[in-house]
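Asker: have a look; sequence and predicted model below, questions after that.
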Amino acid sequence: MFTANDFVNKLVESVRKKKFADYIKASPEEVAESLRGKHIFVSGEFATEKPGPGQSKVGGNPDLPESLPWLAEEETASPLAFIAQINLGEVHKHDLSGRLPEKGMLWFFTIADGDRAYGEGIDESTSAVLYDPDPGILSPREMPAELLEENEFALIEERRLLFGPSVSLSGYTDSGITDAIVDALREIGGRRGSVHILTQYRPSDYSSDEDEDSGDDSEGSDAEMVSLIEMDGYEISSDIFVEGIIEFVLSEADLVAGKLERASCKFTAGT
(Lines give C-alpha, C1' and ligand atoms only; values in the text may rest on other atoms or scores of the structure.)
Protein backbone atom coordinates (compact mmCIF):
# COMPACT_ATOMS: atom_id res chain seq x y z
CA MET A 1 0.00 0.00 0.00
CA PHE A 2 1.29 3.45 -0.96
CA THR A 3 2.00 6.06 1.65
CA ALA A 4 1.23 9.61 0.56
CA ASN A 5 4.96 10.31 0.37
CA ASP A 6 5.57 7.21 -1.78
CA PHE A 7 2.78 8.24 -4.13
CA VAL A 8 4.10 11.78 -4.60
CA ASN A 9 7.68 10.60 -5.14
CA LYS A 10 6.59 8.08 -7.77
CA LEU A 11 4.42 10.67 -9.51
CA VAL A 12 7.22 13.23 -9.54
CA GLU A 13 9.62 10.67 -11.00
CA SER A 14 7.12 9.68 -13.68
CA VAL A 15 6.38 13.28 -14.74
CA ARG A 16 10.09 14.07 -14.98
CA LYS A 17 10.39 11.45 -17.73
CA LYS A 18 7.70 13.06 -19.87
CA LYS A 19 8.39 15.09 -23.01
CA PHE A 20 6.52 18.37 -23.39
CA ALA A 21 5.62 20.13 -26.63
CA ASP A 22 7.95 23.01 -27.56
CA TYR A 23 5.27 25.63 -26.86
CA ILE A 24 5.09 24.67 -23.17
CA LYS A 25 7.35 27.03 -21.27
CA ALA A 26 7.74 24.91 -18.13
CA SER A 27 10.03 21.90 -18.17
CA PRO A 28 8.95 18.41 -17.03
CA GLU A 29 11.29 18.81 -14.05
CA GLU A 30 9.62 22.08 -13.00
CA VAL A 31 6.11 20.62 -13.34
CA ALA A 32 7.14 17.49 -11.47
CA GLU A 33 8.47 19.45 -8.51
CA SER A 34 5.36 21.65 -8.44
CA LEU A 35 3.31 18.55 -7.59
CA ARG A 36 4.86 18.35 -4.14
CA GLY A 37 2.38 19.71 -1.63
CA LYS A 38 -0.62 19.25 -3.94
CA HIS A 39 -3.80 17.86 -2.37
CA ILE A 40 -4.09 14.06 -2.70
CA PHE A 41 -7.51 12.40 -2.86
CA VAL A 42 -9.21 9.27 -4.22
CA SER A 43 -10.64 9.22 -7.73
CA GLY A 44 -13.06 6.74 -9.28
CA GLU A 45 -13.11 5.85 -12.97
CA PHE A 46 -15.84 4.00 -14.85
CA ALA A 47 -14.98 0.36 -15.47
CA THR A 48 -15.99 -1.70 -18.51
CA GLU A 49 -17.29 -4.61 -16.42
CA LYS A 50 -20.64 -4.56 -14.66
CA PRO A 51 -20.66 -4.12 -10.87
CA GLY A 52 -21.44 -7.03 -8.58
CA PRO A 53 -23.66 -6.83 -5.48
CA GLY A 54 -22.43 -4.20 -3.04
CA GLN A 55 -19.68 -2.89 -5.30
CA SER A 56 -19.10 0.81 -5.91
CA LYS A 57 -21.00 2.22 -8.85
CA VAL A 58 -23.02 5.06 -10.29
CA GLY A 59 -26.54 4.49 -11.57
CA GLY A 60 -28.64 1.39 -11.88
CA ASN A 61 -30.55 0.26 -8.80
CA PRO A 62 -28.92 0.47 -5.38
CA ASP A 63 -28.01 -2.48 -3.17
CA LEU A 64 -29.66 -1.71 0.17
CA PRO A 65 -30.40 -3.37 3.52
CA GLU A 66 -33.96 -4.71 3.46
CA SER A 67 -35.03 -2.53 6.39
CA LEU A 68 -33.90 0.72 4.80
CA PRO A 69 -36.76 2.85 3.38
CA TRP A 70 -36.46 4.62 0.05
CA LEU A 71 -35.50 8.27 0.51
CA ALA A 72 -37.81 11.10 -0.52
CA GLU A 73 -37.70 14.84 -1.14
CA GLU A 74 -38.49 16.78 2.03
CA GLU A 75 -41.20 19.13 0.78
CA THR A 76 -43.04 16.93 -1.70
CA ALA A 77 -42.30 13.45 -0.29
CA SER A 78 -41.56 12.40 -3.90
CA PRO A 79 -38.98 9.61 -4.16
CA LEU A 80 -35.43 10.67 -4.95
CA ALA A 81 -33.35 9.16 -7.74
CA PHE A 82 -30.35 7.00 -6.90
CA ILE A 83 -27.01 8.42 -8.06
CA ALA A 84 -24.20 6.33 -6.63
CA GLN A 85 -23.10 3.88 -3.97
CA ILE A 86 -19.59 3.70 -2.56
CA ASN A 87 -18.15 0.64 -0.85
CA LEU A 88 -15.56 2.11 1.52
CA GLY A 89 -13.76 -1.21 1.66
CA GLU A 90 -12.83 -0.63 -2.00
CA VAL A 91 -11.73 2.94 -1.29
CA HIS A 92 -9.70 2.22 1.85
CA LYS A 93 -6.35 1.19 0.37
CA HIS A 94 -6.37 4.27 -1.88
CA ASP A 95 -7.19 6.69 0.95
CA LEU A 96 -3.59 7.71 1.58
CA SER A 97 -4.66 10.20 4.25
CA GLY A 98 -6.38 7.42 6.22
CA ARG A 99 -9.33 9.67 7.00
CA LEU A 100 -12.21 7.45 5.91
CA PRO A 101 -13.57 4.38 7.72
CA GLU A 102 -12.07 1.10 6.51
CA LYS A 103 -15.47 -0.35 5.65
CA GLY A 104 -19.11 0.57 5.25
CA MET A 105 -21.45 1.73 2.50
CA LEU A 106 -22.46 5.18 1.29
CA TRP A 107 -25.50 5.87 -0.91
CA PHE A 108 -26.30 9.20 -2.62
CA PHE A 109 -29.69 10.39 -3.92
CA THR A 110 -31.05 13.56 -5.55
CA ILE A 111 -33.98 14.78 -7.60
CA ALA A 112 -33.85 13.75 -11.27
CA ASP A 113 -34.94 16.95 -12.98
CA GLY A 114 -32.66 18.69 -15.46
CA ASP A 115 -34.65 21.93 -15.37
CA ARG A 116 -34.47 22.17 -11.58
CA ALA A 117 -30.82 21.18 -11.61
CA TYR A 118 -30.00 23.97 -14.07
CA GLY A 119 -31.83 26.34 -11.74
CA GLU A 120 -29.68 25.08 -8.87
CA GLY A 121 -32.66 23.28 -7.35
CA ILE A 122 -30.48 20.54 -5.91
CA ASP A 123 -29.71 21.19 -2.25
CA GLU A 124 -30.09 19.60 1.19
CA SER A 125 -33.87 19.33 0.84
CA THR A 126 -33.78 17.70 -2.59
CA SER A 127 -30.91 15.27 -1.96
CA ALA A 128 -29.83 12.76 0.66
CA VAL A 129 -26.91 10.60 1.75
CA LEU A 130 -27.05 7.34 3.67
CA TYR A 131 -24.17 5.73 5.52
CA ASP A 132 -24.06 2.35 7.18
CA PRO A 133 -20.75 1.26 8.78
CA ASP A 134 -21.83 -2.39 8.81
CA PRO A 135 -24.76 -2.88 6.41
CA GLY A 136 -24.81 -6.68 6.47
CA ILE A 137 -26.71 -8.38 3.67
CA LEU A 138 -27.55 -6.08 0.76
CA SER A 139 -30.27 -6.68 -1.82
CA PRO A 140 -30.95 -4.92 -5.15
CA ARG A 141 -33.80 -2.45 -4.72
CA GLU A 142 -35.74 -1.27 -7.74
CA MET A 143 -36.61 2.39 -7.97
CA PRO A 144 -40.21 3.27 -7.08
CA ALA A 145 -42.50 2.96 -10.10
CA GLU A 146 -43.82 6.46 -9.38
CA LEU A 147 -40.38 7.93 -9.99
CA LEU A 148 -39.82 6.09 -13.25
CA GLU A 149 -43.29 6.96 -14.55
CA GLU A 150 -42.70 10.66 -13.94
CA ASN A 151 -39.15 10.86 -15.24
CA GLU A 152 -37.72 8.73 -18.03
CA PHE A 153 -34.17 9.74 -17.06
CA ALA A 154 -34.41 8.78 -13.39
CA LEU A 155 -32.71 5.42 -13.90
CA ILE A 156 -29.10 6.41 -14.57
CA GLU A 157 -26.83 4.18 -16.65
CA GLU A 158 -25.12 1.69 -14.34
CA ARG A 159 -21.30 1.78 -14.32
CA ARG A 160 -18.88 0.26 -11.87
CA LEU A 161 -16.28 2.50 -10.21
CA LEU A 162 -12.63 1.55 -9.79
CA PHE A 163 -10.53 3.68 -7.43
CA GLY A 164 -6.99 4.92 -7.15
CA PRO A 165 -5.10 7.82 -5.60
CA SER A 166 -5.14 11.11 -7.48
CA VAL A 167 -3.79 14.62 -7.16
CA SER A 168 -5.16 18.14 -7.57
CA LEU A 169 -4.51 19.71 -10.96
CA SER A 170 -5.42 23.21 -9.81
CA GLY A 171 -3.10 25.89 -11.15
CA TYR A 172 -2.32 24.11 -14.42
CA THR A 173 -4.06 25.81 -17.33
CA ASP A 174 -2.34 24.04 -20.22
CA SER A 175 -3.91 20.77 -21.36
CA GLY A 176 -0.51 19.50 -22.46
CA ILE A 177 0.67 19.69 -18.85
CA THR A 178 -2.45 18.21 -17.31
CA ASP A 179 -2.51 15.38 -19.87
CA ALA A 180 1.09 14.54 -19.01
CA ILE A 181 0.32 14.49 -15.29
CA VAL A 182 -2.71 12.24 -15.81
CA ASP A 183 -0.65 9.88 -17.97
CA ALA A 184 2.01 9.72 -15.27
CA LEU A 185 -0.66 9.24 -12.63
CA ARG A 186 -2.07 6.19 -14.39
CA GLU A 187 1.40 4.76 -14.95
CA ILE A 188 1.88 4.45 -11.19
CA GLY A 189 -1.59 3.04 -10.46
CA GLY A 190 -3.46 6.28 -9.86
CA ARG A 191 -6.75 7.27 -11.45
CA ARG A 192 -8.50 10.36 -12.80
CA GLY A 193 -12.22 9.79 -13.25
CA SER A 194 -15.61 11.44 -12.86
CA VAL A 195 -15.95 10.77 -9.13
CA HIS A 196 -13.58 12.25 -6.54
CA ILE A 197 -13.51 11.44 -2.82
CA LEU A 198 -12.03 13.68 -0.11
CA THR A 199 -11.23 16.61 -2.36
CA GLN A 200 -10.75 20.09 -0.94
CA TYR A 201 -13.95 22.05 -0.36
CA ARG A 202 -14.01 25.21 -2.48
CA PRO A 203 -16.84 27.43 -1.18
CA SER A 204 -16.00 30.21 -3.64
CA ASP A 205 -17.37 27.99 -6.41
CA TYR A 206 -20.85 28.21 -4.94
CA SER A 207 -23.38 30.97 -4.39
CA SER A 208 -22.61 33.33 -1.51
CA ASP A 209 -25.88 32.88 0.34
CA GLU A 210 -25.25 33.33 4.05
CA ASP A 211 -25.62 30.20 6.14
CA GLU A 212 -27.97 30.48 9.07
CA ASP A 213 -26.62 29.66 12.51
CA SER A 214 -28.10 26.28 13.36
CA GLY A 215 -26.52 26.01 16.78
CA ASP A 216 -24.96 22.68 15.82
CA ASP A 217 -21.42 22.52 17.14
CA SER A 218 -20.42 19.97 14.49
CA GLU A 219 -20.90 22.44 11.66
CA GLY A 220 -17.70 24.40 11.16
CA SER A 221 -16.59 27.28 8.99
CA ASP A 222 -15.82 26.77 5.31
CA ALA A 223 -12.17 26.24 6.25
CA GLU A 224 -13.22 23.27 8.40
CA MET A 225 -15.32 21.60 5.72
CA VAL A 226 -14.27 18.73 3.49
CA SER A 227 -15.76 17.37 0.28
CA LEU A 228 -16.80 13.79 0.96
CA ILE A 229 -17.58 13.19 -2.71
CA GLU A 230 -17.61 15.27 -5.89
CA MET A 231 -19.25 13.99 -9.08
CA ASP A 232 -19.18 15.32 -12.63
CA GLY A 233 -22.89 15.66 -13.36
CA TYR A 234 -22.46 15.65 -17.13
CA GLU A 235 -20.57 12.34 -16.99
CA ILE A 236 -23.03 10.79 -14.53
CA SER A 237 -26.16 11.87 -16.43
CA SER A 238 -26.26 14.94 -18.65
CA ASP A 239 -30.07 14.65 -18.91
CA ILE A 240 -30.44 15.12 -15.15
CA PHE A 241 -27.50 17.27 -14.14
CA VAL A 242 -26.69 19.09 -17.41
CA GLU A 243 -23.07 20.22 -16.84
CA GLY A 244 -23.33 20.66 -13.10
CA ILE A 245 -21.09 19.40 -10.31
CA ILE A 246 -22.68 17.44 -7.46
CA GLU A 247 -20.81 17.60 -4.19
CA PHE A 248 -21.57 16.31 -0.70
CA VAL A 249 -19.63 18.13 2.02
CA LEU A 250 -19.33 17.71 5.77
CA SER A 251 -17.36 19.18 8.64
CA GLU A 252 -13.91 17.92 9.49
CA ALA A 253 -15.26 17.06 12.95
CA ASP A 254 -17.99 14.83 11.49
CA LEU A 255 -15.46 13.14 9.20
CA VAL A 256 -13.19 12.36 12.14
CA ALA A 257 -16.17 11.08 14.15
CA GLY A 258 -17.31 8.87 11.26
CA LYS A 259 -20.64 10.69 10.94
CA LEU A 260 -20.64 10.56 7.15
CA GLU A 261 -24.45 10.61 6.99
CA ARG A 262 -24.26 14.29 8.01
CA ALA A 263 -22.88 15.30 4.60
CA SER A 264 -25.03 17.84 2.74
CA CYS A 265 -25.33 18.46 -0.97
CA LYS A 266 -23.86 21.49 -2.76
CA PHE A 267 -24.67 21.73 -6.45
CA THR A 268 -23.03 23.99 -9.01
CA ALA A 269 -25.05 24.34 -12.21
CA GLY A 270 -23.22 24.26 -15.53
CA THR A 271 -23.15 27.09 -18.04
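Answerer: Everything's here; your move.
Asker: now for the nearest residue to Gly270 once chain neighbours are set aside: which residues touch it?
Answerer: The shortest distance from Gly270 to any non-neighbouring residue, by Cβ to Cβ, 6 or more residues apart in numbering, is to Glu243 (2.4 Å). (Glycine included, C-beta is placed from N, CA and C.) Applying Cβ atoms under 8 Å, 6 or more residues apart in numbering to Glu243 gives the contacts Gly233, Tyr234, Ala269, Gly270, Thr271.
Asker: out of those, who has the most neighbours?
Answerer: Within these, most neighbours by other Cβ atoms under 10 Å means Gly233, with 25 neighbours.
Asker: for Asp239, grab phi and psi.
Answerer: As for Asp239, its main-chain torsions (degrees, to the nearest 10) stand at phi -70, psi -30.
Asker: mind checking which of the contacts of Glu243 are in helices?
Answerer: Among those, the residues falling in helices (DSSP state H) are Gly233, Tyr234.
Asker: give me the beta-bridge partners of the nearest residue to Pro62 once chain neighbours are set aside?
Answerer: Excluding the flanking residues, the one nearest Pro62 by Cβ to Cβ, 6+ apart is Phe82, at 4.8 Å. Beta bridges link Phe82 to Phe109, judged by DSSP bridges.
Asker: tally up the residues packed near Phe82, please.
Answerer: 27.
Asker: retrieve the pLDDT associated with it.
Answerer: pLDDT recorded at Phe82 is 96.
Asker: name the element the residue nearest to Gly270 belongs to?
Answerer: Assessed by DSSP states H and E, Glu243 sits outside every helix and strand.
Asker: can you map out the helices along the stretch 101-250 of the chain?
Answerer: 114-118, 145-150, 175-187, 233-241 (DSSP state H, counting those that start in this stretch).
Asker: so which of these comes closest to Ser127?
Answerer: Taking Cβ to Cβ, helix 114-118 is the member of the helices of the stretch 101-250 of the chain nearest to Ser127, at 10.6 Å.
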